[in-house]
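Visitor: Got a predicted structure here, sequence first:
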Amino acid sequence: MLVDSSKQALQDATDKILARGITNCEVLYSDFTEDMPELKADIVLLSLVLLHIPDTKLILQKLFSILPTDGQLLIVDFDKNDQVNHPKIHSGFSHNELNSLLTEVGFTSITCKTFYHGKQIFANQDASMFIATCRK
C-alpha cells in the first residue's frame, strides 16, 4: 500500500501501477499529521517525508502504533544541513538526534548511515542523505 497526502503523487503512482500491470498494490490518500487511518503494516518506508512533518516525534509515535512487534521502519531523508533554512521544512536530521527520538518512541535495533552526497539536491544546497532502519 502506498500512502501519501499528495493527490498528484498518488495519481502518478496509480499510473505507474497500471502501466506495469501490478495487481498487488493499493494507493491511499491520507495526511497522517491530521488523521491516522486504521492501518497495520509489517514494514513502513518513509522517503523524504520527515522533513515535511512539523512534529517528528508525533508522527513516529503514530507509525510505531501501526507496526506489529518486530515490525520495521525505514527512513530515507536528508542529513542535517545548516545551510537549509525554510519555514516549512526541517533542515535535515542528525543521526544522533534521530536515534534518540526513535529510542524515546520505543524503537530498537536502530541503524543510521549516510549513503549519498549530491550537489544542490536539498533546497538548492549540496547535501547528503541517510537511511535509517529500526524495529518495534
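Guide: Here it is on my side, so go on.
Visitor: tell me which strands and helices the helix or strand T14 falls within is in contact with?
Guide: With secondary structure defined by DSSP states H and E, T14 is part of helix 7-20. Using 3 or more C-beta pairs under 8 Å, 6 or more residues apart in numbering; DSSP states H and E as the contact criterion, the elements in contact with helix 7-20 are strand 2-4, strand 27-29. Every C-beta, even on glycine, is put in place using the N, C-alpha and C of the backbone.
Visitor: Give me whichever of those strands is most buried.
Guide: strand 2-4 (a mean of 16; mean count of other C-beta atoms under 10 Å).
Visitor: which residues touch that strand?
Guide: Residues outside strand 2-4 that contact it (C-beta atoms under 8 Å, 6 or more residues apart in numbering) are L10, A13, C25, E26, V27, L28, Y29, S30, F32, L39.
Visitor: Could you pull up the mean pLDDT of it?
Guide: On average, the pLDDT along strand 2-4 is 82.
Visitor: What is the distance between it and the centre of its chain?
Guide: 11 Å (C-alpha atoms, centre = their mean, to the nearest Å).
Visitor: can you check stretch 69-86 too?
Guide: Mean C-alpha position of stretch 69-86 versus that of the full chain (C-alpha atoms, centre = their mean) differs by 7 Å.
Visitor: okay, how far is it across that stretch, tip to tip?
Guide: Taking C-alpha to C-alpha, to the nearest Å as the measure, stretch 69-86 stretches 36 Å from start to finish.
Visitor: Can you point out the buried residues in that stretch?
Guide: G71, Q72, L73, I75, V76, D77, F78, D79, K80, N81, V84 (16 or more other C-beta atoms under 10 Å).
Visitor: picking up where we left off before, just among the contacts of strand 2-4, which is most surrounded?
Guide: The most crowded member of these is F32, carrying 19 neighbours; neighbours defined as other C-beta atoms under 10 Å.
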